[in-house]
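Undergrad: Dropping the sequence and predicted coords here.
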Amino acid sequence: LQFMDMTFSAHKSLTLTHAGLLALARRAEEAGNVDQARAARAAADEILSALKEAAGVAVDEVRQVASSARVGYHGKKINGVGTGRWAPAGDWVVASFLQHTNRNGDPQLHIHQAVLNRQLCADGVWRSLDGQAVYRAREAASAIAERTLMERLTRTLGLRWTPSADGQNFQVEGVSAEQITEFSTRRVEVKGHLAELVEAYERKHDRKPSPRTLYILAQQATKATKTAKTKLDKVPTANEELAEWEARTTRAEIDSLASIPGRALFQVNEAERDHAAARLADLDMDRTIQMALADCQKAKSTFSRYELTRHISRHLPASFGGLETAQVRALLHEMTEDALAPQGGRVLRYTVPDVVALPHDLTHNGQSVFRDPSYERFSTPEMLDAEQQFLRSAAQVDSTFVPAEIASDRIGYGAQRRSSAPDQE
């Protein structure tokens, strides 16, 4: 593997806001309104600049977590411990490519960030990146980058954000659901094929796929529905794309893209940003952390700090008042550390520190070089209590016996199996 692609993609609503600005500029130029066209293009450029900054933040967040390289043998482990070590490494080599559309020709702003799968270590040797660390860090990195993008565009273009329908991210107010659906053909294709894969999996295994399996199925659905990229000599010009997109809104009988900027831009003024900042200062951070921890435990029995950061971001207000990039990163990092602090008693750390003092040349940043610096797992006291209660119940030998068929029906599993089974003649 020569490169790792850390793509950062804008929400469809922001992409359509950008496309709307270009469409508005095109109309203004055709009408001879030079000032309006210049203002629209400047706003569109600001969206691209903010997207590039956020993409850089995402890579830097991952780099800080995964800036150690594997040295030695990292194969078979005993009790989770191997003989391989981790060596401190240097900066990464990254090539960024901004793209405006997806494979179906829909508007979709995204930045491909090809990271060279080599990093210079402190001993002068170039070694591969730690892929597992990169994977772990992505959840926190994407959340921090998304917030960086949102805060900058609230500050510079007055965009107002609202949680999306699935609660996983935020979208620009002023872009209609109909417009988002019309230009989300890839999502429709992937979701449709994923539903088929999930249904086939449940028929075969008589159970729902785990989060890990669902992720793998989603990757398969994405790959299976990909169309070939348009050849270079067939790629339409920017004006041709805009004309086709506007024609699609006409055929679908929905508002034009050029109408979006008037509803989306400069909806938040300085007074509202100050109010949002005051709300953030008065927010019950402890309650926010507790809700984030509850979401972590709903998904898995143990979780990482990076997963926790993602959930904390989801439970914070849509606006911080237009914070600068460094402030956004500090806020989410500090809340995560506060949630994981031992004195808070909110979590239990599953990875314990070294029990004996190690020689200086076998440590880095106060930790053994034989420990994965990106791997930490946490749980909550409530989850541990529930597991202990379950184990005690399972160990009882004088409990009432319940046949498996009845137990399945009581928890709804039996009915699920019958409904999914083929008809028997």
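TA: Thanks, I have it. Numbering: from 1, shown residues only.

Undergrad: Tell me the pLDDT of Lys204.
TA: For Lys204, the pLDDT comes out at 87.

Undergrad: same question, Pro209
TA: pLDDT, Pro209: 87.

Undergrad: For the protein, which segments are assigned as strands?
TA: In the chain, the strands defined using DSSP state E lie at 3-5, 8-9, 68-71, 85-88, 94-101, 107-116, 119-120, 126-127, 161-163, 170-172, 348-349, 363-364, 367-368, 378-379.

Undergrad: Run through the residues that contact the residue lying closest to Arg138 once chain neighbours are set aside.
TA: Once flanking residues are discounted, Arg138 sits nearest to Val62: 6.4 Å by Cβ to Cβ, 6 or more residues apart in numbering. Glycine gets a C-beta too; all of them are placed from N, C-alpha and C. Listed by Cβ atoms under 8 Å, 6 or more residues apart in numbering, the contact set of Val62 reads Met6, Val134, Ala137, Arg138, Ala141.

Undergrad: Throw these into CSV and include neighbour count, thanks.
TA: CSV is the format used below for those (neighbours: other Cβ atoms under 10 Å):
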residue, neighbour count
Met6, 23
Val134, 19
Ala137, 24
Arg138, 18
Ala141, 26
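
Undergrad: Select from those every entry located in helices.
TA: Here DSSP state H is the test, and the contacts of Val62 give Val134, Ala137, Arg138, Ala141 as lying in helices.

Undergrad: where in the stretch 51-200 of the chain is pLDDT low?
TA: For the stretch 51-200 of the chain, the stretches flagged by pLDDT under 70 are 78-81.

Undergrad: repeat that for 80
TA: 76-82, 90, 165-167, 187-189 (pLDDT under 80).

Undergrad: From Glu324, how far out is Thr237?
TA: Distance, Thr237 to Glu324, by Cβ to Cβ, to the nearest Å: 37 Å.

Undergrad: same check, this time on Phe183
TA: For Phe183, the distance to Glu324 - Cβ to Cβ - is 31 Å.

Undergrad: who's more crowded, those two?
TA: When Phe183 and Glu324 are compared for neighbours, Phe183 comes out ahead with 26 against 13, by other Cβ atoms under 10 Å.

Undergrad: wait, isn't that one in contact with Leu109?
TA: No: using Cβ atoms under 8 Å, Phe183 is not in contact with Leu109, being 11.7 Å away.

Undergrad: Spell out which residues are contacts of both of the two.
TA: Thr15.

Undergrad: out of everything not next to it in sequence, what's closest to His112?
TA: Phe97 (4.5 Å).

Undergrad: Could you tell me how many residues sit around the one you found?
TA: Neighbour tally, Phe97, other Cβ under 10 Å: 11.

Undergrad: do the same with Ile406
TA: Ile406, neighbours per other Cβ under 10 Å, totals 9.

Undergrad: do the same with Ala318
TA: Neighbour number of Ala318 under other Cβ under 10 Å is 15.

Undergrad: Spit out the contact partners of it.
TA: Contacts of Ala318 (Cβ under 8 Å, 6+ apart): Met150, Arg160, Trp161, Thr162, Pro163, Phe170.

Undergrad: try it again with 6 Å
TA: Trp161, Thr162, Phe170 (Cβ atoms under 6 Å, 6 or more residues apart in numbering).

Undergrad: picking up where we left off before, same list (the contacts of Val62) but as JSON lines, adding distance to Glu387.
TA: What follows is the contacts of Val62, written out as JSON lines (distance: Cβ to Cβ, whole Å):
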{"residue": "Met6", "distance to Glu387": "35"}
{"residue": "Val134", "distance to Glu387": "30"}
{"residue": "Ala137", "distance to Glu387": "27"}
{"residue": "Arg138", "distance to Glu387": "28"}
{"residue": "Ala141", "distance to Glu387": "30"}
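
Undergrad: how near is the nearest residue to Leu384 once chain neighbours are set aside to Leu340?
TA: Nearest residue to Leu384 in three dimensions, chain neighbours excluded: Leu348, at 6.1 Å (Cβ to Cβ, 6+ apart). The gap separating Leu348 from Leu340 is 10 Å, by Cβ to Cβ.

Undergrad: wait, isn't His315 in contact with Ala292?
TA: Yes: with contact defined as Cβ atoms under 6 Å, His315 reaches Ala292; the gap is 5.3 Å.

Undergrad: neighbour-wise, which of the two wins?
TA: Ala292 (24 against 17).

Undergrad: How about the more buried one, nearest residue that isn't a chain neighbour?
TA: His311 (3.8 Å).

Undergrad: For the one you found, which residues are in contact?
TA: Ala292, Asp295, Cys296.

Undergrad: Spit out the contact partners of the first one.
TA: Put plainly, it is Ala292. Contacts of Ala292 (Cβ under 6 Å, 6+ apart): His311, Ile312, His315.

Undergrad: likewise the last one?
TA: Cys296 sits next to Phe303, Glu307, Leu308, His311 when contact means Cβ under 6 Å, 6+ apart.

Undergrad: contacting residues around the second one?
TA: Under the criterion of Cβ under 6 Å, 6+ apart, the contact list for Glu307 reads Glu139, Cys296.

Undergrad: next one: the third one
TA: With contacts defined as Cβ under 6 Å, 6+ apart, the neighbours of Leu308 are Cys296, Thr336.

Undergrad: what about His100, neighbour count?
TA: Quick note: His100 (other Cβ under 10 Å) scores 16 neighbours.

Undergrad: In helices, which of the contacts of Ala292 fall?
TA: Checked against DSSP H, these include these in helices: His311, Ile312, His315.

Undergrad: Could I get the full set of helices for the stretch 101-250 of the chain?
TA: Along the stretch 101-250 of the chain, counting by DSSP state H, counting those that start in this stretch, helices occupy 131-157, 177-182, 185-205, 211-224, 238-251.

Undergrad: ok now the third one, how far from the chain's centre?
TA: Here helix 185-205 shows a centroid-to-chain-centroid distance of 21 Å under the convention Cα atoms, centre = their mean, to the nearest Å.

Undergrad: burial count for the nearest residue to Glu139 once chain neighbours are set aside?
TA: Leaving aside its sequence neighbours, Glu139 sits nearest to Arg310 (Cβ to Cβ, 6+ apart; 4.3 Å). For Arg310, the count of nearby residues is 24 (other Cβ under 10 Å).
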